[in-house]
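Asks: Please find the sequence and the predicted model below.
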Amino acid sequence: QVQLVESGGGLAQPGGSLRISCTPSGSGFTLDYYTIGWFRQAPGKEREAVSCISNNDGSTYYLDSVKGRFTISRDNAKYTVYLQMNDLEPDDTAVYSCYLDPTSGPRMWGQGTLVTVSS
């Protein structure tokens, strides 16, 4: 069974940077999808959509609070998605989970990676 696997989380200081990535486990993964992106959930808060990218035209979405600081991208195979996070703030502390919306079947989720922003 294919799973999405995140990596790259950790601790950063305010104003610092981290890059997290998400890729399907296993080889030979081929799946048509609509969007791939990231949600996050901070302690005691609701989950929120952070960013996503369309497989159709490459258009992107960003949560207002991360615009200008975060950049989503994907590799040429279009199955690995990255989130470059710059100028991090303590409010960015959360578990970041990637997701993929296939054209057939339910949404796929990763297990999540913790990003902590603290001095």
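Replies: Sure thing, it's come through.
Asks: C-alpha only now, for contacts and for neighbours.
Replies: Fine.
Asks: Now name the helix or strand holding Val50.
Replies: Secondary structure assignment for Val50, by DSSP states H and E: strand 48-54.
Asks: ok, then the element right after that strand?
Replies: With DSSP H and E, the next secondary element past strand 48-54 is strand 60-62.
Asks: Sheet-wise, list the partners of that following strand with their directions.
Replies: strand 48-54 (antiparallel) (DSSP bridges).
Asks: so how far is the strand it pairs with from its chain's centroid?
Replies: Centroid displacement of strand 48-54 relative to its chain, using Cα atoms, centre = their mean, to the nearest Å, is 7 Å.
Asks: Mind checking the pLDDT average for that strand?
Replies: Averaged across strand 48-54, pLDDT comes to 97.
Asks: Contacts made by that strand with the rest, please.
Replies: Residues outside strand 48-54 that contact it (Cα atoms under 8 Å, 6 or more residues apart in numbering): 34-41, 59-63, 66, 72-73.
Asks: Closest to Tyr79 out of those?
Replies: Ile36 (8.2 Å; Cα to Cα).
Asks: What residues are bridge-paired with the closest one?
Replies: Counting by DSSP bridges, the residues bridging with Ile36 are Ile53, Leu100.
Asks: CA atoms of stretch 17-32 as CSV?
Replies: What follows is stretch 17-32, C-alpha atoms only, in CSV (Å, rounded to 0.1, in the frame of the first residue of the first chain):
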residue,chain,number,x,y,z
SER,A,17,14.1,28.4,7.6
LEU,A,18,13.1,24.8,7.1
ARG,A,19,12.2,22.8,4.1
ILE,A,20,9.8,19.9,4.5
SER,A,21,9.1,17.3,1.8
CYS,A,22,6.6,14.6,1.1
THR,A,23,7.0,11.7,-1.2
PRO,A,24,5.1,8.4,-1.9
SER,A,25,6.7,5.4,-0.4
GLY,A,26,7.7,2.6,-2.7
SER,A,27,8.9,2.7,-6.3
GLY,A,28,6.9,2.9,-9.5
PHE,A,29,4.3,5.1,-8.0
THR,A,30,2.0,6.5,-10.7
LEU,A,31,-1.3,8.1,-9.8
ASP,A,32,-3.2,10.9,-11.5
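Asks: Check what contacts that stretch and list those residues.
Replies: 2-10, 12, 79-88, 98, 102-104, 110.
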